[in-house]
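In: Based on what follows, work out the 3D shape:
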Amino acid sequence: MNPPKVIVNADPPKAWFEIVSRGLDRHNTAATRIVEFYPVAFVIRDDGNHVRGGLLGSLWGQWLHVGSLWVDRALRERGLGVELMAAAEAYARAKGCVASFLQTASYEARPFYEKLGYRAYAALNDHPIKGHDRFHLSKRYTEANRLRPSPDAGIAFEPYASKEVQETIHRGVRTHAIAALGMPEAMWSPAHFFLKNDDGEIVGGALGNIWGDWYFLDILWVDRRLRGHDNGSQMLAIAEQHAIECGCKGAHLDTASFQARPFYEKLGYTVFGTLEDHPVGHSHYLLSKRLGASGR
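Out: Model (predicted):
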């Protein structure tokens, strides 16, 4: 059989995403023996049942990941952001979590999170464009920094939030970012690459996106039988070239101590942040690379 070919598809079938994501999930589960995963969704609704704010995230490895936090502009300055964080942290603690982590930007809410006990452990400068920075923050839970949600705050727990609810919250976050940066929405685009064999099977994938001046690699997976034959590096090289052609100046990703840090370092990526004991018993690394003639 011929070697699998790298193909690009900005809008691939759902099954392709599932194959690549499931492949990485199985590797992570086998490496860590951590199988518990909980989606997290807390939502603010008005009297008409419309979504006016929310927090989306997940629990894995005794950590809460705060993925998206948004409150409608008309409802801000009422403490609802704090209430959403308090509800999520209370849920996480009840599930045995020891800490939480998140990302924010220089045009977003770093001071807000720091007031809640979060501290920056890494920064990516000039992200997504020159003049702005992205910060990675974490918080170790103690009794002293416990947030206590108010039962009267009107925060609803919706563990299996619908796609419509999720899209409303994501759209609120995107709209804020576009307004703050002055960037057209077109400056974000998917960038997905797949390994496909002669039988039409998807046997690997590099899932990511381009935002501003940066390419982000979210997931990289190659079928176990095809590892050790440069398939991963080939996909990433093609992804980086695509990013350069789109005007990107850098690439970033995250990996864990049970995953592929040495692989990425051989390709020119360097660690700019480390989150110890995430998931519990392991380490989580943030890596970046400057693209272009000097970064290859």
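
In: so where do the strands sit in the stretch 101-250 of the chain?
Out: 119-125, 133-140, 155-157, 188-196, 202-211, 214-222, 250-256 (DSSP state E, counting those that start in this stretch).

In: Got the domain ranges for the chain?
Out: 5-31+184-290, 36-181 (automatic domain parsing).

In: In CSV: these, plus mean pLDDT and mean neighbour count.
Out: Placement of C-beta: from N, CA and C, glycine included. Output for those, formatted as CSV (pLDDT from 0 to 100; neighbours: other CB atoms under 10 Å):
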stretch, mean pLDDT, mean neighbour count
domain 5-31+184-290, 94, 17
domain 36-181, 95, 17
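
In: tell me the contacts of Phe216?
Out: Neighbour list for Phe216: 208-210, 251-253 [criterion: CB atoms under 8 Å, 6 or more residues apart in numbering].

In: Dump those residues into CSV; add distance to Arg119 as well.
Out: Listed next are the contacts of Phe216 as CSV, based on distance: CB to CB, whole Å:
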residue, distance to Arg119
Gly208, 28
Asn209, 27
Ile210, 29
Ala251, 26
His252, 20
Leu253, 22
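
In: Find the pair from these with maximum spatial separation.
Out: Ile210 and Leu253 (13.2 Å; CB to CB).

In: still on that earlier bit, quick one, which of the strands of the stretch 101-250 of the chain gets closest to Glu167.
Out: Judging these by CB to CB, what sits closest to Glu167 is strand 188-196, at 14.6 Å.

In: who does the closest one touch, helix- and strand-wise?
Out: Contacts defined by 3 or more CB pairs under 8 Å, 6 or more residues apart in numbering; DSSP states H and E place strand 188-196 against strand 5-8, helix 14-32, strand 202-211, helix 231-245.

In: Quickly run through the sheet partners of it, with directions.
Out: According to DSSP bridges, strand 188-196 forms sheet pairs with strand 5-8 (antiparallel), strand 202-211 (antiparallel).
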